[in-house]
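Engineer: fold the following and give me the result.
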Amino acid sequence: MGKRGGIILIFTILGIMAVGFILNQIKLHAHPAHAISVSQWQWHEGGRASLALTLHDVRYSSYWSAGSVQNRISRDPESSPSIWVKVQIPTFEAVHPVLLVNHVYAQDVVMYLSDQLIYRSMRDHSFDTNNLLLPITREDMGKVLYIWLESPKAQIGLSKPVLFGEYSELRGLLDENIESVIIGSSFVFVAITMLCCSIFLRRTQSASTWLLLTAIVGLAGILFITYSSYTQSKYEQYGYLLSCLFDLSLFTILPAVTYFFEKVIGSGYRGSIRAWRNIQMIYSVLGIVVLLVERSDPSAYFQLYYLISVTLMGVMIVVQFLLLSVSTLFYARKGNRDARIFAFGSLLLASSVIGDMANFYMTKGNYELMLWKWGISFFVISLIVIMGRRLGDYYQQIVNYSKEVELYNNQLQRSDKLEVIGELAASIAHEVRNPLQVTRGFLQLLSLKVIEQEKEFMHLAISELDRASDIITDFLTFAKPQLDNFTSLHVQSELKQIEGIIIPLARLSGGEVELHIPGDLHIQGNSSKFKQAMINLIKNGIEAMKQPGKIDIWAYDRNGDVRIHIRDSGEGMDASELARLGEPYFSTKTKGTGLGLMVTFRIIEVMQGTIEFLSDKGSGTEVILTFPALEEEKGVN
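Structural biologist: Below you'll find the model as predicted:
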């Protein structure tokens, strides 16, 4: 993790511990202003006798011990699974007096006022948190409240003060644990929404990962709802079902998280994540089987089920956390952003759990575990963020693929057009050129015999015939570039010769040409056709300048390729014009046919080169040619 990561982890844990401790103290001491709080009582071991006999014995026993919120009751559940708690009911003013006992840790609870039974709850499941709000009368004030608690777990007793006061004031405190139900219900709602959205996903890997995340979110919500003391108290008649749902969700969510990690981030070093997932699945099946066996006879198989579902579950959670943490750091160091997000969510979850456990031991058990809920919430949110990023990447891949398909279709259409033009040129070019040459010859003879006023018309007709002949030549060049005799071309020498040809044309337009070509660049091609392509491009740049400007030509070697740049200061082109460059009969010039640039594209393609245009309207055009470089040959200047 590194020194900086360790410091961040330490401060995160300390911060979460402080927040948890403050919130717990606020909840511990918060009660309505008019309520009376009793935080000290007496307790007595209950033994294994019947309730009536035990009540009779403990009422007159002298072996009562002092207990309070600050001091946990310590006892051995094997020798004495039950205890008695004695509280003196104070005298107070209330129209509808009630007593509130929040977070009583016991599986079975029985309450007496003196010798009168006022409450009885005998659960057939292992959930051991109770919230009790019971009415009393004015005549009950001053009497002794006896509370019998039994649990096979070490945790037993009252974790909060007993409150006495008005019903309307204390009723709200009974619902203080409803935030777990709210968080859980939100997760379940999100899971249902995700499940509905999965209908629109095709059967791909992303769809299966989406369903897996949906299951994790839904299971986390069920854990929150079923483990809430509010739910257990509100729907006590469904306690057995709630307990089973909690156990099944816990057995399922652990391998689901591991499988999600495996599918989204990776299978770990030498498949360690995959192997651990298989172990978890075996453990989950074993836990479900033991759950069914324990429900058939809870008294006989409770210790076995407690070993599997609590003790061994804690070991499995620790091992999973360590394995996922190491694997997360492994992938994060490789630049996996999903692993970094997973690591952040795991950090918050681990910090919240460590903060809860540290506060629990620091307060000697007088602490209500609360931070783990938010840790799981942030962890699940991090999984949703990872899935959102993955879907975003899939969407971007689809967009890129669509663009590539569109580009391929455009190239295919252009290739079809060029193929048709090539076939047309090859079939009729020679047949058309011969009559044109004969006609031109007779026009030249006739021009010697016509009067002076008619010679202008003869010259115009001959120039148009020459123009038609040039077009036919372009057709023939496109149909067959005749690049059979490839040789090594010294780029500097070739462009120097082109410079001598093109400078007079540039000066007629009031422009200039600047050439910066290193002497060590070589490519393979046909010299005459290479010159033809370069002259076409430079000539187009000169003609694009409506006022005096400059043509810059430079070249260099990059990663084994020779790149030649031609930049003019002309009027430039917009995106629609750039997209049509190279199409037959498209030209930005008034009398242009577009065949010259089409031939240039064809020559560069045959020379295994590429051409790229960069231009904006009003800011000139830059042409970039890329050819495979050849090694420098000796004796070439």
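Engineer: how is this structure divided into domains?
Structural biologist: Following automatic domain parsing, one gets these domains for the chain: 36-174, 178-397, 403-479, 487-628.
Engineer: start and end of the second one, how far apart?
Structural biologist: One end of domain 178-397 sits 43 Å from the other (CA to CA, to the nearest Å).
Engineer: with stretch 108-122 instead?
Structural biologist: Stretch 108-122: ends 5 Å apart by CA to CA.
Engineer: now that stretch: how far from the chain's centre is it?
Structural biologist: From the chain centre to the centre of stretch 108-122 is a distance of 54 Å (CA atoms, centre = their mean, to the nearest Å).
Engineer: try stretch 445-461
Structural biologist: 79 Å.
Engineer: now tell me what touches that stretch from outside.
Structural biologist: Where contact means CB atoms under 8 Å, 6 or more residues apart in numbering, the residues beyond stretch 445-461 that reach it are 443, 462. Heads up, the C-betas are built off the backbone N, CA and C, glycines and all.
Engineer: please enumerate the strands of the stretch 501-637 of the chain.
Structural biologist: Here the stretch 501-637 of the chain has its strands, by DSSP state E, counting those that start in this stretch, at 512-516, 522-525, 550-558, 561-567, 610-615, 621-628.
Engineer: hey, C-alpha coordinates of the second one in CSV?
Structural biologist: Yep, that's strand 522-525 we're talking about. Taking Å, rounded to 0.1, in the frame of the first residue of the first chain, the C-alpha atoms of strand 522-525 are listed here in CSV:
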residue,chain,number,x,y,z
HIS,A,522,14.4,7.3,-48.2
ILE,A,523,11.2,5.7,-49.3
GLN,A,524,10.3,3.2,-52.0
GLY,A,525,8.3,4.1,-55.0
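Engineer: just checking, what packs against that strand?
Structural biologist: In this structure, strand 522-525 makes packing contacts with strand 487-490, strand 621-628, judged by 3 or more CB pairs under 8 Å, 6 or more residues apart in numbering; DSSP states H and E.
Engineer: likewise for the fifth one?
Structural biologist: Packed against strand 610-615 by the contact rule (3+ CB pairs under 8 Å, 6+ apart) you find helix 595-606, strand 621-628.
Engineer: can you check what angle separates that strand from helix 595-606?
Structural biologist: Angle between the axes of strand 610-615 and helix 595-606 is 140 degrees (criterion: axes from the mean of the first three to the mean of the last three CA atoms, to 10 degrees).
Engineer: how near is the closest residue to K531 other than its chain neighbours to G519?
Structural biologist: Nearest residue to K531, sequence neighbours excluded (CB to CB, 6 or more residues apart in numbering): I498, at 5.6 Å. Distance of I498 to G519, given as CB to CB, to the nearest Å: 16 Å.
Engineer: more crowded one of the two?
Structural biologist: Under the neighbour definition other CB atoms under 10 Å, I498 and G519 were set side by side, and I498 has more, 21 against 12.
Engineer: quick revisit: by mean pLDDT, show me the worst of the domains of the chain.
Structural biologist: In terms of mean pLDDT, the lowest-scoring of these is domain 403-479 (a mean of 70).
Engineer: ok, now how distant is E514 from Y556?
Structural biologist: 15 Å.
Engineer: hmm, back to that, out of the helices and strands packed on strand 522-525, deepest packed?
Structural biologist: Neighbour counts (mean count of other CB atoms under 10 Å) averaged over each of the helices and strands packed on strand 522-525 peak at strand 621-628, with a mean of 19.
Engineer: still on that earlier bit, will you turn the strands of the stretch 501-637 of the chain into TSV that also has distance to K153?
Structural biologist: Listed next are the strands of the stretch 501-637 of the chain as TSV, based on distance: least, CB to CB, whole Å:
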stretch	distance to K153
strand 512-516	85
strand 522-525	83
strand 550-558	73
strand 561-567	74
strand 610-615	74
strand 621-628	75
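Engineer: quick one: closest of these to L248.
Structural biologist: strand 610-615 (61.3 Å; CB to CB).
Engineer: and that closest one, what's buried?
Structural biologist: By 16 or more other CB atoms under 10 Å, the buried positions in strand 610-615 come out as 611, 613, 615.
Engineer: tell me where the stretch 401-550 of the chain has helices.
Structural biologist: 452-479, 491-508, 527-544 (DSSP state H, counting those that start in this stretch).
Engineer: and these: which comes nearest V385?
Structural biologist: Across these, closest to V385 is helix 527-544 (CB to CB), at 50.0 Å.
Engineer: now the closest one: buried residues?
Structural biologist: 527, 529-542, 544.
Engineer: could you do stretch 322-332 as well?
Structural biologist: Neighbour counts over stretch 322-332 (16+ other CB under 10 Å) mark 323-325, 327-332 as buried.
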